[in-house]
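Student: Just need the structure, nothing else, for what follows:
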Amino acid sequence: MTRFSAAVSDSSGDERDVRMVQDFQRSPVLSPPKPPEDESGSEEDIGIDQESDEETSEGSSSDIQEDGISPIRSRPARNHASEDSDDEIEDGSDNTSSGSTSSGESDVDMPAQRQDVSVIPWARQVGVDAQKMHVMQTSLFRIPEEVVAIKAMNRATRPHPKVLATVRRKHSRDSIGDGLRMDSQERASFAHDIEPPAYRPSRKYARVDISASAVAGCEDGLVDAGLAFGRSFRVGWGPGGTLVHLGKLCAPLSQIESSANSSLITKTVVPLFAGSHKEVNIRLSRLLQHHLSKTPIIKDESGVPFADPSTELDFSSFVSLYPSSDQSYEQSLFRLGRALFDKIDEHLAPEITVDVRNRISAVRRKAALSAWLEEAVGHLVDADIKKHSSGDSAAFVYTLLTGNRIEKACEVAMDNGYVKLATLISQASGDFEFREDLKEQIQLWREQRIDVHIGESIRKIYALLAGILDVVEGSKGSSLEQCPDIDPVKGLDWKRTFGLHLWFSEPMDAPISQVFESYNRSRQESPFRVSPPLPPYFETSSAERLPFKIPTPSPSDALFSLIRLHADPACSLSQALSPLSFGPSPGDYSLSWHLYIVLSRCMRIRDFADRADPGRRKDTMDGDNEQDWHEGHSSSADLLASSYAHQLEQLGMLQEAVFVLLHIEGSAGREKAIKDLLHRSADKLDEWMCSGILGSLKIPVAWVNEARAVLAIYEGKVFDAYQLYLNAGLYQQAHDLAVVELAPEAVIRQDLDLLVSLFERIANQTVDGWHVRGKAYMDYAYAMTRIPELHASLSESTIPDAVEEQELDNFTRTLPRLINILPDILSNSSDPRHKVALAEMISGLTAVIDLVKPLALSQSQIKLIAVDEATKLRHIQTTFYEKYMRSIQAS
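Tutor: As a prediction, this is how the structure comes out:
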């Protein structure tokens with residue numbers, strides 16, 4: 001569709017249309033006579049002054065209507081032809097401009113009669129048939145009358161805001177006020193008006209440089225924190241888990257009342273533990289002390305200390321830390337690990353085959369799991385027994401069976417007259433025929449509707465002995481003969497439900513993986529009937545009382561994850577060691593890290609998926625293959641260690657945090673993590689703390705001194721920081737600190753011995769910028785002491801010493817260069833010490849040069865800056881006196 005726009009446009013086609021309108025206005029055939037003043041202003045205001053355009057369009061449109069011109073049809077297929085034709089018309093109008101003007105003047109005096117609008121003036125002059133040109137024009141492109149009519153219609157139906165004459169850019173920008181420009185629009189026909197676009201105001205704000213900003217120089221305005229940190233503030237972590245932020249911490253979808261656009265900075269300590277810090281401190285200290293006793297600290301190939309846990313660090317060693325009467329969750333976790341993963345002493349002869357060994361090992365492993373499970377659910381069974389102390393004896397027996405207390409259940413059954421039932425209970429976990437007989441008995445009761453006369457607890461016991469853990473349907477009689485269904489696992493937690501699969505549902509010789517698959521399948525098929533393996537904190541408190549928000553779906557119990565890790569080879573270690581599986585805090589990685597070290601680094605059972613090659617341990621390889629030992633890297637393992645160390649740092653357990661960071665596998669990352677920790681906790685590095693870090697953990701003393709030096713600088717103890725840097729062997733830092741902070745004060749005090757001592761230990765070390773910074777101070781001190789001595793010695797002696805003269809001559813050549821580089825050394829104009837020291841050094845050097853060779857500075861063309869007027873005047877006097885004396889000697 002043809003684009004219709006205002007006279008001011010950024011398209012070349014519209015510009016050609018404007019020129020055609022101008023030519024048409026000059027033509028006497030199309031334009032009525034106008035006063036001279038109107039003709040002079042029409043060309044200047046075209047496209048800008050809308051009033052003149054409207055007058056022209058009114059006259060043209062009236063002519064078109066009288067000649068019966070119909071609405072124009074667009075010809076998009078002839079765009080190229082029309083462009084070429086326009087170019088020809090422009091050329092023709094330029095060549096015949098004088099002719100058309102003269103003809104227009106003659107036509108003014110003609111009678112006022114209508115002329116044929118189809119007659120083209122310039123076609124007459126060039127000698128072309130007007131009728132033929134009119135046919136070609138109407139066939140190929142729009143005639144000028146149509147252009148005028150179209151623009152007149154657009155002006156009448158499309159009002160637009162005032163556009164400045166300076167806006168002639170093709171690509172406008174709102175930032176400079178071009179937001180008033182309109183883009184071209186299309187419409188179906190002339191019957192449809194084009195709605196004006198929405199008014200877009202120009203942008204009022206633009207980014208400015210810091211030099212032109214009103215905030216420049218106010219970044220230290222602590223009264224207004226928003227002003228001080230407005231351009232660069234971000235959320236940041238501080239020592240001990242301190243989080244510095246603006247506004248209020250919230251979830252992405254939380255509704256808060258306060259705004260982050262505030263001048264108040266908040267320091268929040270993010271809780272990483274669910275319990276009290278005192279209890280957590282005692283619990284973790286016990287685990288880490290035991291871990292340290294089984295972990296030698298060695299140096300890797302880069303000379304960085306590294307913690308390499310030994311194979312003695314297994315689950316059994318952790319179990320020994322807890323008394324037998326301890327019923328805590330941690331001891332249950334380590335005892336389960338001992339039953340599933342620790343090495344079993346089989347006591348078998350060497351000639352026993354591998355298949356037999358594996359079979360015996362599987363049986364013993366399952367027996368160990370059964371023993372752990374009986375102990376783990378013991379307190380739950382005792383709690384249920386108390387509920388049935390004076391109730392149904394059969395329910396008492398059923399409760400005992402859920403804890404696999406077969407012997408006790410037989411005694412209770414016989415004491416209550418269930419002799420035959422006790423006989424069946426004694427055969428629990430029997431062979432296949434025994435279970436099939438019991439299943440037939442249950443089926444017979446249901447068919448004969450006898451189950452209605454048998455108690456629910458008895459029916460549950462029979463279902464357990466038959467290996468049935470699904471819902472047992474009752475007989476579907478009417479009224480009194482209707483028997484309800486029973487669910488053997490109703491009201492049981494996940495551990496006892498899993499135990500029923502282990503003790504009754506699956507065969508005695510079934511492996512642990514088959515038992516796990518049976519329980520996992522039942523809980524997936526019947527999620528509302530079978531208890532899911534939820535962590536213990538879900539059982540003790542409701543979800544609303546938890547200090548942290550637990551995501552959905554709920555995490556699995558860490559005990560269940562360990563069983564799954566043993567039964568399912570495809571189980572991911574990262575899923576099994578989720579922090580929410582151990583406690584309600586999503587940031588508590590303590591038990592996750594300890595289990596990872598045992599399972600991965602010590603026992604080599606399972607590792608993270610991002611480790612390239614788990615490798616083999618050096619101590620399990622012979623000497624011939626030791627060079628083939630390779631250890632892959634795991635970023636997940638390093639992240640786990642860093643997270644745990646961050647928790648310990650929050651508790652103030654600095655030594656323990658350093659020990660955990662020693663397990664980071666990369667040398668560069670391990671060194672950086674430990675140094676950063678020491679820097680954040682430098683105020684806690686007292687004598688007792690340093691003795692443990694340097695002794696047991698074998699951390700280099702240079703790392704500790706570097707951290708203490710940073711603290712000394714923060715406290716303003718610059719000289720102490722300088723000495724700590726020297727003791728740490730960080731000569732570059734000590735050199736930079738001495739040049740900027742200590743040496744200027746020594747110069748001001750005129751203590752040249754102190755100035756020399758600051759750089760004596762650094763002189764023989766590799767330091768960047770030594771020759772143009774630190775050495776300059778030593779040259780200054782040496783020149784200020786040696787030149788007066790040489791001058792006095794040469795003045796007193798009758799026969800000058802050649803060596804002393806040569807040394808003095810060397811001084812006079814090097815001192816101008818020294819004076820020239822001093823402004824670059826003391827370049828901090830905001831420090832008054834630098835200004836005073838610079839003036840003192842240049843004045844002193846100028847004085848000693850004037851003493852021995854006054855013309856040295858003038859010959860080297862060195863300008864004396866940052867010195868007082870007295871020094872300049874003295875130097876000028878000395879120089880001119882020397883020149884005067886030489887002129888006298890020359891004459």
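Student: Pull up the per-residue confidence for the residue nearest to residue 295 when sequence neighbours are not counted.
Tutor: Nearest non-adjacent residue to residue 295, counting by Cβ to Cβ, 6 or more residues apart in numbering: residue 309, 4.6 Å away. (Glycine included, C-beta is placed from N, CA and C.) Residue 309 is assigned 93 on the pLDDT scale.
Student: How about residue 54?
Tutor: 40.
Student: Equivalent analysis for residue 631, please.
Tutor: If you check residue 631, the pLDDT there is 65.
Student: hang on, the earlier thing: would you enumerate the residues in contact with the residue nearest to residue 295?
Tutor: By Cβ atoms under 8 Å, 6 or more residues apart in numbering, the contact list for residue 309 reads 291, 294-295, 597, 601-602, 663.
Student: mind checking the SS state of it?
Tutor: Three-state assignment for residue 309 (DSSP: H, G, I helix; E, B strand; the rest coil): coil.
Student: That one and residue 519: what is the separation?
Tutor: Distance, residue 309 to residue 519, by Cβ to Cβ, to the nearest Å: 33 Å.
Student: just for the stretch 301-450 of the chain, where's the confidence low?
Tutor: 389-391 (pLDDT under 70).
Student: in it, which spans are strands?
Tutor: Along the stretch 301-450 of the chain, counting by DSSP state E, counting those that start in this stretch, strands occupy 305-307.
Student: That one: helices as residue ranges?
Tutor: With DSSP state H, counting those that start in this stretch as the criterion, the stretch 301-450 of the chain has helices at 315-319, 329-341, 354-376, 378-387, 393-402, 406-415, 419-425, 432-447.
Student: wait, doesn't residue 348 sit right on residue 359?
Tutor: No: here residue 348 lies out of contact with residue 359, judged by Cβ atoms under 8 Å, at a distance of 10.9 Å.
Student: Please give the element, helix or strand, for the closest residue in space to residue 546 that isn't next to it in sequence.
Tutor: Distances taken as Cβ to Cβ, 6+ apart place residue 584 nearest to residue 546, at 4.9 Å, with adjacent residues excluded. Under the criterion DSSP states H and E, no helix or strand holds residue 584.
Student: Could you report the pLDDT at residue 584?
Tutor: pLDDT recorded at residue 584 is 88.
Student: contacting residues for it?
Tutor: 274, 535, 537, 546-548, 550.
Student: Go again with 6 Å.
Tutor: Counting by Cβ atoms under 6 Å, 6 or more residues apart in numbering, residue 584 makes contact with 274, 537, 546, 548.
Student: Residue 814 now?
Tutor: For residue 814, the contact set (Cβ under 6 Å, 6+ apart) is empty.
Student: Tell me how far residue 574 lies from residue 635.
Tutor: Distance of residue 574 to residue 635, computed by Cβ to Cβ: 11 Å.
Student: roughly how far apart are residue 699 and residue 640?
Tutor: For residue 699, the distance to residue 640 equals 21 Å [Cβ to Cβ].
Student: in the protein, which spans are strands?
Tutor: Remark: strands assigned in the chain by DSSP state E are 236-238, 242-246, 265-269, 297-299, 305-307.
Student: Nearest to residue 842 among the ones you listed would be which one?
Tutor: When the strands of the chain are compared by Cβ to Cβ, strand 236-238 sits nearest residue 842, at 43.8 Å.
Student: in the closest one, what counts as buried?
Tutor: Counting neighbours by 16 or more other Cβ atoms under 10 Å, one finds that strand 236-238 has no buried residues.
Student: for it, what is the average pLDDT?
Tutor: For strand 236-238, mean pLDDT is 73.
Student: what are the ranges of the helices in the stretch 701-850 of the chain?
Tutor: Going by DSSP H, counting those that start in this stretch, the stretch 701-850 of the chain shows helices at 701-714, 718-727, 731-737, 743-748, 752-760, 775-796, 802-825, 832-852.
Student: Go through these and name the closest to residue 376.
Tutor: Set against residue 376 and scored by Cβ to Cβ, the helices of the stretch 701-850 of the chain come closest in helix 701-714, at 44.8 Å.
Student: Quick one: mean pLDDT for the closest one?
Tutor: On average, helix 701-714 scores 94.
Student: Other residues contacting stretch 800-807?
Tutor: 790, 793-794.
Student: Produce a PyMOL select command limited to the buried residues of these.
Tutor: Remark: buried members of these, expressed as a PyMOL selection using 16+ other Cβ under 10 Å:
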select buried, resi 790
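Student: The nearest residue to residue 829 once chain neighbours are set aside and residue 890, how far apart?
Tutor: Excluding the flanking residues, the one nearest residue 829 by Cβ to Cβ, 6+ apart is residue 835, at 7.1 Å. Distance, residue 835 to residue 890, using Cβ to Cβ: 41 Å.
Student: who has more neighbours, the two?
Tutor: residue 835 (15 against 6; other Cβ atoms under 10 Å).
Student: For that one, give me the pLDDT.
Tutor: 88.
Student: mind listing what's buried in stretch 746-755?
Tutor: 746-747, 752, 755.
Student: tally of neighbours for residue 530?
Tutor: 24.
Student: Isn't it up against residue 521?
Tutor: No: taking Cβ atoms under 6 Å as the definition, residue 530 is not a contact partner of residue 521, at 9.7 Å.
Student: so what sits against both of those two?
Tutor: In contact with both residue 530 and residue 521: no residue, using Cβ under 6 Å, 6+ apart.
Student: if I look at residue 340, how far off is residue 831?
Tutor: As judged by Cβ to Cβ, residue 340 and residue 831 stand 67 Å apart.
Student: higher neighbour count, the two?
Tutor: Taking other Cβ under 10 Å, residue 340 and residue 831 do not tie; residue 340 has more neighbours (20 against 14).
Student: Provide a list of residues in contact with that one.
Tutor: residue 566.
Student: picking up where we left off before, sort the contacts of residue 584 by pLDDT and name the bottom one.
Tutor: Minimum pLDDT across these falls on residue 546, with 71.
Student: number of nearby residues for that one?
Tutor: Residue 546 has 14 neighbours, counted by other Cβ under 10 Å.
Student: Turn the contacts of residue 309 into JSON lines, columns for pLDDT and neighbour count.
Tutor: Below are the contacts of residue 309 laid out as JSON lines (pLDDT from 0 to 100; neighbours: other Cβ atoms under 10 Å):
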{"residue": "291", "pLDDT": "95", "neighbour count": "22"}
{"residue": "294", "pLDDT": "93", "neighbour count": "16"}
{"residue": "295", "pLDDT": "94", "neighbour count": "21"}
{"residue": "597", "pLDDT": "95", "neighbour count": "22"}
{"residue": "601", "pLDDT": "91", "neighbour count": "22"}
{"residue": "602", "pLDDT": "93", "neighbour count": "20"}
{"residue": "663", "pLDDT": "95", "neighbour count": "24"}
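Student: quick one on the thing from earlier: for the helices of the stretch 301-450 of the chain, which one sits closest to residue 460?
Tutor: Residue 460 lies closest to helix 393-402 among these, at 5.1 Å (Cβ to Cβ).
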